[in-house]
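> Got a predicted structure here, sequence first:
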Amino acid sequence: MNRLVYMLSIATIVFILSSCGDSASINQDEASDVIVEYLETHPVYSTASFNFGEMTFRGSKDQAELDQYKALEAEGIIEMTLQEGKKRFLSKDSTFVYLVKLTEEAAPLVLKQNNNRATVKSVIYVLDDSEPVNFVTVNDKIAKATVSLKKERTEFSVFEKGSNAADFMTKTYKLRLKKDEGWEVTGE
């Protein structure tokens with residue numbers, strides 16, 4: 001009987017020690033959390049070019065563009081000041097000169113800014129919670145996760161040229177298990 005108790009206690013100790021190591025398994029929720037955390041520091045986005053400064057809009061010809069600028073002004077992204085408005089004699093067409101300025105509200109969306117042109121985020125991609133994370137464990141410390149990222153349009157999305165018709169993108173991330181930090185994204 002003593003021998004049986006001794007063998008069971010040795011087996012229990014070995015089982016406990018073997019299960020106390022690093023958690024090398026990863027599930028769908030953990031992979032989602034790791035990728036969401038990665039996307040916060042390394043966002044995926046599309047860009048557009050946005051003109052500002054002194055801009056001339058010609059009545060009916062540029063009306064659609066003027067409406068886009070006025071919509072941005074209504075959202076507080078830009079400020080527009082009418083510098084000059086000319087009505088052509090015996091014509092239905094008018095010319096308006098506006099001074100367009102970016103506001104502080106636009107700062108998170110502006111990537112690069114020159115004299116009268118800015119590169120802005122037009123679409124930001126975020127993890128689609130309705131789609132499952134497909135992951136494959138390569139070995140104990142490496143996994144590959146394929147996720148679906150959905151589009152979130154910004155206020156500048158109307159200025160995007162040649163936009164993609166799809167409302168999502170699929171992306172594969174390489175996950176690695178670090179001894180002290182846990183799982184993290186190491187590449188795309």
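In hand now; what should we look at? Numbering: from 1, shown residues only.
> Is the nearest residue to Phe57 once chain neighbours are set aside in a helix, a strand, or coil?
Computed as C-beta to C-beta, 6 or more residues apart in numbering, the closest residue to Phe57 that is not its neighbour in sequence is Leu66, at 4.5 Å. Using the backbone N, CA and C atoms, a C-beta is placed for each residue, glycine as well. Per DSSP: H, G, I helix; E, B strand; the rest coil, the secondary structure class of Leu66 is helix.
> Compute the distance between Leu66 and Asp167, please.
Relative to Asp167, Leu66 is positioned 28 Å away (C-beta to C-beta, to the nearest Å).
> higher neighbour count, the two?
Neighbours per residue, other C-beta atoms under 10 Å: of Leu66 and Asp167, the larger number sits with Leu66, 17 against 10.
> I'd assumed Ser94 was in contact with that one.
No - using C-beta atoms under 8 Å, Leu66 is not in contact with Ser94; the gap is 10.8 Å.
> tally of neighbours for Ala143?
With other C-beta under 10 Å as criterion, Ala143 counts 22.
> surely it meets Leu175?
Yes - here Ala143 reaches Leu175: they are 4.5 Å apart, a contact under C-beta under 8 Å.
> list residues touching both of the two?
Residues touching both Ala143 and Leu175 comprise 26, 31, 135, 183, with contact defined as C-beta atoms under 8 Å, 6 or more residues apart in numbering.
> Filter the residues you listed down to the buried ones, PyMOL style.
Filtering those down to the buried ones (16 or more other C-beta atoms under 10 Å) takes a single PyMOL command:
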select buried, resi 26+31+135+183
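> helix or strand right after the helix or strand bottoming out on mean pLDDT in the chain?
Here the helix or strand of the chain ranked lowest by mean pLDDT, DSSP states H and E is helix 2-19, holding a mean of 46. Counting by DSSP states H and E, the next helix or strand C-terminal to helix 2-19 is helix 28-41.
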